[in-house]
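Colleague: how would this look folded up:
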Amino acid sequence: MAENHELSAEAKAFFKSMGLEDVTAQTTELDLSHANITNEQLQYVAELTSLEALALDKTHVIDVSPLSGLTNLTGL
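Modeller: The predicted model follows:
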């Protein structure tokens, strides 16, 4: 079971800027396909400790290693 915690203020601001105000640390699925997201911004996605599925199609992401701590992530 994932820890119950709040996202950092920076992560909240990032998701809000993407039009995803409802994202929380308990979010289990996230589609960032076609989003203007970079490797550096994956640090905010890494805070989604309950994440099980993530779509990053057609993004600028080339290194997903910042997500290595997401133990529930089974679909990428």
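
Colleague: List the buried residues of the strand or helix carrying A13.
Modeller: In the assignment (DSSP states H and E), A13 maps to helix 9-17. Judged by neighbour count using 16 or more other CB atoms under 10 Å, the buried positions of helix 9-17 are 11-12, 14-15. Yep, even glycine has a C-beta here, placed from its N, CA and C like the rest.

Colleague: list the contacts for the most centrally placed residue in the chain?
Modeller: The residue lying closest to the centre of the chain (CA atoms, centre = their mean) is V45, at 2.3 Å. Counting by CB atoms under 8 Å, 6 or more residues apart in numbering, V45 makes contact with 30, 32, 37, 51, 54, 66-67.

Colleague: Dump those residues into TSV; add distance to V23 as well.
Modeller: Formatted as TSV, these follow (distance: CB to CB, whole Å):
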residue	distance to V23
L30	7
L32	10
I37	13
L51	10
L54	12
P66	16
L67	15
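
Colleague: Considering those residues, which possesses the most neighbours?
Modeller: The most neighbours of any of these, using other CB atoms under 10 Å, belong to L51, which has 25 neighbours.

Colleague: wait, it sits on L73?
Modeller: Yes. L51 lies in contact with L73 (CB atoms under 8 Å); the separation is 5.4 Å.

Colleague: L54 in helix, strand or coil?
Modeller: What DSSP: H, G, I helix; E, B strand; the rest coil gives for L54 is strand.

Colleague: Okay, and the beta partners of it?
Modeller: Using DSSP bridges, the bridge partners assigned to L54 are L30.

Colleague: Now T27: closest residue in space, sequence neighbours ignored.
Modeller: Of all residues not flanking T27 in the chain, L48 sits nearest, at 5.2 Å (CB to CB, 6 or more residues apart in numbering).

Colleague: distance of that neighbour from E29?
Modeller: Computed as CB to CB, to the nearest Å, the L48 to E29 distance reads 10 Å.

Colleague: swap in F15?
Modeller: 14 Å.

Colleague: do the same with L54
Modeller: Computed as CB to CB, the L54 to E29 distance reads 8 Å.

Colleague: Thank you kindly, that will do.
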